[in-house]
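Peer 1: When you get a sec, could you give me coordinates for this:
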Amino acid sequence: MLKIQRLGPLLAGAALAAGMVLAVASLAWAGSATASTVPATAVPAATTTYLAAGEVGSGTSTGAQTPVTAAQPDSPETPGSPAGTTSSGSSGGTVSVNLGGSLNKPSESITIIIGLTLLAVAPSLLILLTSFTRIVIVLSLTRQALGLQSVPPNQLLAGLALFLSLFVMSPVIGKVNTEAVQPYLAGKITAEQAYTDAQAPLKSWMLKQTQADDLALFEKGKKPASPASLPMAAVVPAFALSEMRSAFIIGFVIFVPFLVIDLVVSSTLMSLGMMMLPPSLVSLPFKLLLFVLVDGWALVVQSLLASFH
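Peer 2: This next block holds a predicted model:
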């Protein structure tokens, strides 16, 4: 009985301790449930934080806490005008670009256009401004004087006349290239100046081959006092007429020996009574033999070259 009375206070204390443990457990369970309902992205509403006195970085607080407030940023400044501009906004300075004089030189496209233009009018320039006309006419008349219709062929005569023209005109072409073409390509002179400089040697050579009477046709019948002052529009046709006149004179001189051979052969056949035999058929071998023995083509070419004074 005494033992039961002694155990009473112990049981009461154990019951009190168990009740306290249950109360603490219930409070802990209620706190965890409340914490789980708070959103994870919640941020503190206050913008003012407190740092402990002497706290640096992630150090622990050792003294009284002092409030720290973030400073407001300065308002942006208004941008000023760029340097070198006036109040109206226009630039007061200048910008210069040195291209080394490349703007004075003709571009490749312009050079190509000029070259294509010259190639397009090259046949006319070759016939009207060079010795080609006289040479090709004389060579054609020589072939006809021999009594040949297609030998030598036209291609051969034209090619020979072309190279003979280049030989005769080479000094003039070289002077035009030196005085006009190369300075223009180097950007030293303008296109107008190059055209004027190219005319001078060509006109001088053409006037040496042109008769005064032909020049007078384009000066209303009056012989010009200064042929060099005439424009190219008057010099070119006068030169072409003089070239044809000179070519026919040379052709006439070449025709005379072959005409004599034809007359001799024709009279001989008439005296022999060979009326049905064409005289040209008999005279052709004799003309060819005579032309080869005297080296006729070389004599014709030499006479042509000597006619250009």
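
Peer 1: would you list every one of the strands in the protein?
Peer 2: 49-52, 65-68 (DSSP state E).

Peer 1: Which of those comes out lowest on mean pLDDT?
Peer 2: Ranked by mean pLDDT, these bottom out at strand 49-52, which scores a mean of 47.

Peer 1: pLDDT below threshold where in this protein?
Peer 2: Along the chain, segments meeting pLDDT under 70 span 1-19, 21-71, 80-107, 221-222, 224-225.

Peer 1: can you pull the contacts of Leu202?
Peer 2: Applying CB atoms under 8 Å, 6 or more residues apart in numbering to Leu202 gives the contacts 129, 172, 176. Placement of C-beta: from N, CA and C, glycine included.

Peer 1: Leu304 too?
Peer 2: By CB under 8 Å, 6+ apart, the contact list for Leu304 reads 134-135, 138, 164, 250.

Peer 1: Then Leu128?
Peer 2: If you count contacts by CB under 8 Å, 6+ apart, then Leu128 has 236, 239-240 around it.

Peer 1: Narrow the contacts of Leu202 to those in helices?
Peer 2: Those of those mapping onto helices are 129, 172, 176, per DSSP state H.

Peer 1: Quick check: Gln193 vs Leu116, distance?
Peer 2: Distance, Gln193 to Leu116, by CB to CB, to the nearest Å: 22 Å.

Peer 1: Look at those two and report which has more neighbours.
Peer 2: Gln193 (13 against 9; other CB atoms under 10 Å).

Peer 1: which residues does the more buried one contact?
Peer 2: Contact partners of Gln193, counting by CB under 8 Å, 6+ apart, are Tyr184.

Peer 1: Leu290 versus that one, what's the distance?
Peer 2: Distance, Gln193 to Leu290, using CB to CB: 54 Å.

Peer 1: Then Leu281?
Peer 2: Counting by CB to CB, the gap from Leu281 to Leu290 is 16 Å.

Peer 1: Give the buried residues for stretch 289-302.
Peer 2: Across stretch 289-302, burial judged by 16 or more other CB atoms under 10 Å covers 291, 296, 300-301.

Peer 1: Packing partners of the longest helix seen in the chain?
Peer 2: If you go by DSSP H, the chain has its longest helix at helix 232-272. If you count contacts as 3 or more CB pairs under 8 Å, 6 or more residues apart in numbering; DSSP states H and E, helix 232-272 packs onto helix 122-129, helix 132-145, helix 191-209, helix 212-216, helix 279-293, helix 296-307.

Peer 1: Just the angle for that helix relative to helix 122-129, thanks.
Peer 2: Here helix 232-272 runs at an angle of 80 degrees relative to helix 122-129 (axes from the mean of the first three to the mean of the last three CA atoms, to 10 degrees).

Peer 1: and Ile254, how many neighbours?
Peer 2: Counted by other CB under 10 Å, the residues lying close to Ile254 total 21.

Peer 1: so what's it up against?
Peer 2: Contacts of Ile254 (CB under 8 Å, 6+ apart): 138, 141-142, 145, 300.

Peer 1: from those, which single one is nearest Trp205?
Peer 2: Nearest to Trp205 among the contacts of Ile254 is Val138, at 18.9 Å by CB to CB.

Peer 1: Just list the residues touching that closest one, thanks.
Peer 2: 247, 250-251, 254, 300, 304.

Peer 1: okay, these in JSON lines with distance to Leu160 next?
Peer 2: Converted to JSON lines, the contacts of Val138 look like this (distance: CB to CB, whole Å):
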{"residue": "Ala247", "distance to Leu160": "15"}
{"residue": "Ile250", "distance to Leu160": "15"}
{"residue": "Gly251", "distance to Leu160": "16"}
{"residue": "Ile254", "distance to Leu160": "16"}
{"residue": "Val300", "distance to Leu160": "10"}
{"residue": "Leu304", "distance to Leu160": "10"}
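
Peer 1: out of those residues, who's nearest Lys223?
Peer 2: Nearest member of the contacts of Val138 to Lys223, counting by CB to CB, is Ala247, at 23.1 Å.
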